[in-house]
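can you look at this prediction? I've put the sequence above it.
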Amino acid sequence: MPVRILVTGAGTGLGNNLIRSLRAADESFVVLGCHDDRFDLKKSAADRHYLLPSPGDRAFPQRLRGLITSARVDLVIPTSDRDVRAIARQRARLGRRLFLPSARTIELGQDKYTLSRRLRARGVPAPATYAVRDLRSVAAIMRRLPGRRVWCRVRRGSGAFGAAAVRTAGQARAWIAYWSTMRDVRVRDFTLGEYLPGRDFACQMLWDRGRLVLAKTFERLSYEGGRGRAGGVSSVAALAKSVVEPRVVDVCAAAVRALDRRLSGPCCLDLKESAAGVPCVTEINVGRFSLSTALYDLVGKHNMAGTYVRLALGEPPGVDEVYDAAPDHYLIRDVDTVPAVVHADELFDGIIDLR
């Protein structure tokens with residue numbers, strides 16, 4: 001019988017990217033898609049599409065369980081932090097249809113301030129980070145941080161939400177006050193942290209009961225909408241390159257073990273180098289795949305999405321070398337286009353250079 005997989009967030013970039021990766025792994029997969037937004041769902045690349053209540057709705061758990069039963073779903077793959085958090089709480093009722101870390105570990109990973117403190121306490125490189133209690137505390141915090149610039153951001157969220165580099169306490173207070181008054185983000189939800197000036201890495205990992213099964217890495221070279229952002233960066237790469245960086249994998253493995261020594265499921269981690277060239281973990285998306293998952297799935301020996309399905313179903317993953325390094329592949333992304341993955345040797349194929 002074909003494996004039947006339910007992907008949440010169907011129709012979004014992450015949902016559709018994951019669906020493409022699953023099909024590349026095994027054409028026999030039956031991929032079902034669900035979402036609470038009917039407009040996003042209309043763009044779904046799944047075989048069938050289901051409109052559900054929002055994960056925050058009281059009816060969501062019952063409707064999700066009903067869909068899983070009626071559609072004979074073998075595995076549910078949540079694609080956003082919101083979906084991961086909500087679905088992990090249904091573990092007792094969904095059982096073997098989930099392959100996710102514990103709800104507690106997911107909550108810990110989604111709070112960047114708590115995460116940074118946890119990692120640093122366990123000797124894992126991470127930026128020094130302080131919680132903002134009120135606007136009066138900003139100047140004192142900035143005096144404790146090294147360097148001329150400080151990274152100001154919201155402790156929860158993705159895509160560099162509410163993030164900016166600042167040089168003075170006045171800039172930090174103005175930035176936080178703007179988000180508080182115009183975007184209803186509480187002052188105490190902000191953090192001030194060490195600014196990391198170096199290279200920007202990402203690493204995606206699969207774990208099985210505390211054992212690292214598969215890891216891949218890439219480097220962000222430019223950012224989607226970066227020029228229009230106050231911080232100049234985003235976790236969404238416009239151009240990324242697969243790289244061989246064993247030190248990044250080592251730091252990421254230590255970070256995941258610092259969260260949960262028995263973790264199962266996917267983790268995607270963001271890192272930036274310090275001024276000394278040390279890769280520091282800035283974020284861990286626990287229990288979900290990266291928006292750039294194509295660069296992990298479509299190059300190298302192993303498709304990570306397909307390997308995840310095998311692990312979830314209790315099958316041997318077929319992985320001999322944990323670090324599947326396939327350098328010099330580029331992910332090229334822009335609005336309203338399907339992301340392209342191209343090897344360096346193919347970048348100029350079919351192009352007539354008239355420079």
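Perfect, I can see it now. Numbers count the residues shown, from 1 in each chain.

read off the pLDDT value for residue 308.
If you check residue 308, the pLDDT there is 98.

helix or strand for it, which one?
Using DSSP states H and E, residue 308 sits in helix 304-312.

any idea how far residue 152 is from residue 131?
12 Å (C-beta to C-beta, to the nearest Å). Every residue, glycine included, has its C-beta placed from N, CA and C.

what's the overlap in contacts for the two?
Common contact partners of residue 152 and residue 131 (C-beta atoms under 8 Å, 6 or more residues apart in numbering): 190, 191.

give me phi/psi at residue 238?
Here is the backbone geometry of residue 238 (degrees, to the nearest 10): phi -80, psi -30.

swap in residue 197?
Per-residue torsions, residue 197: phi -90, psi -10 (degrees, to the nearest 10).

wouldn't it be in contact with residue 275 here?
Yes: in this structure residue 197 lies within contact range of residue 275 using C-beta atoms under 8 Å: 5.8 Å.

need the overlap of contacts for the two.
Common neighbours of residue 197 and residue 275, using C-beta under 8 Å, 6+ apart, are residue 147.

of residue 152 and residue 131, which one has the most company?
Just comparing residue 152 and residue 131: by other C-beta atoms under 10 Å the higher neighbour count belongs to residue 152, 27 against 16.

which elements pack onto the helix or strand where that one lies?
Taking DSSP H and E as the criterion, residue 152 maps to strand 150-154. Where contact means 3 or more C-beta pairs under 8 Å, 6 or more residues apart in numbering; DSSP states H and E, strand 150-154 is packed against strand 164-166, helix 169-183, strand 190-194.

what packs against the shortest one?
In this case it means strand 164-166. Judged by 3+ C-beta pairs under 8 Å, 6+ apart, strand 164-166 is in contact with strand 150-154, helix 169-183.

who does it pair up with?
strand 150-154 (antiparallel) (DSSP bridges).

now do the strand it pairs with against strand 190-194, angle only.
150 degrees (axes from the mean of the first three to the mean of the last three C-alpha atoms, to 10 degrees).

look up phi and psi at the closest residue to residue 243 other than its chain neighbours.
Distances taken as C-beta to C-beta, 6 or more residues apart in numbering place residue 219 nearest to residue 243, at 4.8 Å, with adjacent residues excluded. Main-chain dihedrals, residue 219, degrees, to the nearest 10: phi -120, psi 130.

show me what contacts residue 219?
Counting by C-beta under 8 Å, 6+ apart, residue 219 touches 199, 200, 201, 202, 240, 241, 243, 245.

do residue 343 as well
Listed by C-beta under 8 Å, 6+ apart, the contact set of residue 343 reads 299, 328, 329, 330.

domain ranges for this protein, per the record?
The chain breaks down into these domains under automatic domain parsing: 4-98, 128-194, 200-346.

how long is the last one from one end to the other?
Which is domain 200-346. Terminal residues of domain 200-346 lie 24 Å apart, using C-alpha to C-alpha, to the nearest Å.

what about it, distance to the chain center?
8 Å (C-alpha atoms, centre = their mean, to the nearest Å).

and what of the first one?
Between the mean C-alpha point of domain 4-98 and the mean C-alpha point of its chain there is a distance of 17 Å (C-alpha atoms, centre = their mean).

end to end on it, go ahead and measure it.
First-to-last residue span, domain 4-98, C-alpha to C-alpha: 13 Å.

likewise the second one?
Using C-alpha to C-alpha, the span of domain 128-194 from its first residue to its last is 5 Å.

pretty sure residue 26 sits against residue 306.
Yes: here residue 26 lies in contact with residue 306, judged by C-beta under 8 Å, at a distance of 5.8 Å.
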